[in-house]
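S.K.: Sequence and computational prediction follow.
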Amino acid sequence: MSWPTWLPLRTDLQPLSPYGAPQVPAQATLNTNENPYPPSLALQNAITDAIQKVTSNLNRYPDRDADVLRAKLAKYINEGSETNFDIKNIWAANGSNEIIQSIFLAFGSGVTLGFTPSYSMHPIIAKVTGTKWVDGARNSDFSFNLDLAVQAVQTHKPTLTFITTPNNPTGDAVALSDINILADVVGNQGGLLIVDEAYAEFSQEISAVTLLADKPHVIVIRTMSKAFAFAGARLGYLVADSHVVDAMMLVRLPYHLSSLTQAAAEVALDHRRELLAGVTSLVTAREQLADSLQQLGLRTVRSSANFLLFTGFSASAPQLWASLLEKGVLIRDVGLSGYLRVTIGNEADNQRFIDALEQLL
Ligand SMILES: Cc1ncc(COP(=O)(O)O)c(C=O)c1O
């Protein structure tokens, strides 16, 4: 992008492009790892009632610290991981992207290390906040390599090290034992290990929140956008030592989380059993879709998330992506040569994707 000379845009921002997953109409939208199941009518009504109550008070600022919501998030994490967190260990924001931004604002003074390919917004938010980003290596099949990761931490001495598990865009999960070892190496260098668990509910791995009792330098990021099917509401959070949460309060904007968002998310957490019921169907559908792709002669990376990265087609990734879109199926070209990523959708959308692919291969 070229910028006019009169615009005093920071020079380090000038070469960047905005985050750009195409938002184009399609019959099957399988490109941004959303959950295909809309909220039930009962949940829609419960959210509407809660919002209705809040609207009478919209002349007032929201609860700045979102105490009720954070208590509910702590309860949810404790239920799943047999931990004992309370609101002092939770920080919530408008999506986990805002959580990531706040982490950079608070701690992004030195180098940040991540293991590419991974979530593309980690380096983008690093750059936007003026933090130096270093790419660490993975195995050639994209799986996490603990030895390479340890070496990279020892070489670069990062203030922040990011691990995404299950990883996006590959879908594979990092073993908790590897995270545990890396956390010690990171801690010995005086850094923080950030574990982005946006897709944790789709995985069998034990959450890294279980490491926090012994390792205050581990921060776990979670979101309600994926398993909770709540992407439109924008609610992400972190689980961490209380000092990390104190630091979040230094960098957050006052009243960053609207009373409408807080109310909607509180209701969704109260309905967590219903919302999370879709996870099991999506995991089953993921395995079926992986089988169907293999039957078409394609290969998939083993996924513990709600998407699949696949390869083995002869067209280029951008060509196949465009041909699928012509057939009404929007998936994601994540910029990895020879690979495309597809989000697990409902039965009809998955079938539409497979049918379109069958015609194109
Ligand atoms: C690994 C990872 N982290 C964070 C996010 C951001 O999610 P949100 O801002 O919707 O919470 C995503 C979204 O796709 C993701 O894949």
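M.R.: Cool, got the structure. In this text the structure is predicted, and so the values were computed from the model without any measurement.

S.K.: Can I take it that I221 is in a strand?
M.R.: Yes: counting by DSSP: H, G, I helix; E, B strand; the rest coil, I221 is located in a strand.

S.K.: For it, give the beta-bridge partners.
M.R.: Note on I221: beta-bridge partners D196, L238, judged by DSSP bridges.

S.K.: and it, how many neighbours?
M.R.: 25 (other C-beta atoms under 10 Å). From N, CA and C alone the C-beta is placed, and that goes for glycine too.

S.K.: Repeat that for G190.
M.R.: 11.

S.K.: sec struct for it, please.
M.R.: What three-state DSSP gives for G190 is coil.

S.K.: how close does it sit to Q204?
M.R.: Using C-beta to C-beta, to the nearest Å, G190 is found at 33 Å from Q204.

S.K.: Excluding chain neighbours, what is closest to L176?
M.R.: In space, and not counting its chain neighbours, L176 is closest to I206: 4.9 Å by C-beta to C-beta, 6 or more residues apart in numbering.

S.K.: For that neighbour, grab the count of nearby residues.
M.R.: Counted with other C-beta under 10 Å, I206 comes out at 16.

S.K.: For L16, give me the pLDDT.
M.R.: L16 carries a pLDDT value of 86.

S.K.: For A71, see how far away it is.
M.R.: 38 Å.

S.K.: can you tell me which residues contact the residue in the chain positioned nearest to the ligand?
M.R.: In the chain, the residue that lies nearest the ligand is G95 (2.8 Å; C-beta to the nearest ligand atom). Taking C-beta atoms under 8 Å, 6 or more residues apart in numbering, we find G95 in contact with 223, 225, 234-236.

S.K.: Check L340 too.
M.R.: 309-311, 313, 317, 320-321, 331-334 are the contacts of L340 under C-beta under 8 Å, 6+ apart.

S.K.: Helices - which of those residues land there?
M.R.: In this view, the contacts of L340 that belong to helices under DSSP state H are 317, 320-321.

S.K.: returning to what we had before: and the contacts of G95 as a markdown table, adding neighbour count and secondary structure?
M.R.: Putting these into a markdown table (neighbours: other C-beta atoms under 10 Å; DSSP: H, G, I helix; E, B strand; the rest coil) gives the following:
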| residue | neighbour count | secondary structure |
| --- | --- | --- |
| T223 | 24 | strand |
| S225 | 23 | coil |
| R234 | 20 | coil |
| L235 | 29 | coil |
| G236 | 22 | strand |
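
S.K.: Next, give me the two most distant ones among the residues you listed.
M.R.: T223 and R234 (9.2 Å; C-beta to C-beta).

S.K.: Which residue is the nearest non-sequential neighbour of V24?
M.R.: Counting by C-beta to C-beta, 6+ apart, L330 is the residue found nearest to V24 once chain neighbours are left out, at 6.4 Å.

S.K.: Bridged to that neighbour, which residues?
M.R.: Bridge pairing for L330 - DSSP bridges - gives T29.

S.K.: Test my guess that it contacts S323.
M.R.: No: L330 is beyond contact range of S323, at 11.9 Å (criterion: C-beta atoms under 8 Å).

S.K.: what pLDDT does P62 get?
M.R.: 98.

S.K.: Surely it forms part of a strand?
M.R.: No: going by three-state DSSP, the assignment for P62 is coil, not a strand.

S.K.: burial count for the nearest residue to it once chain neighbours are set aside?
M.R.: Spatial nearest neighbour of P62, excluding adjacent residues (C-beta to C-beta, 6+ apart): S259 at 3.8 Å. Using other C-beta under 10 Å, S259 has 20 other residues around it.
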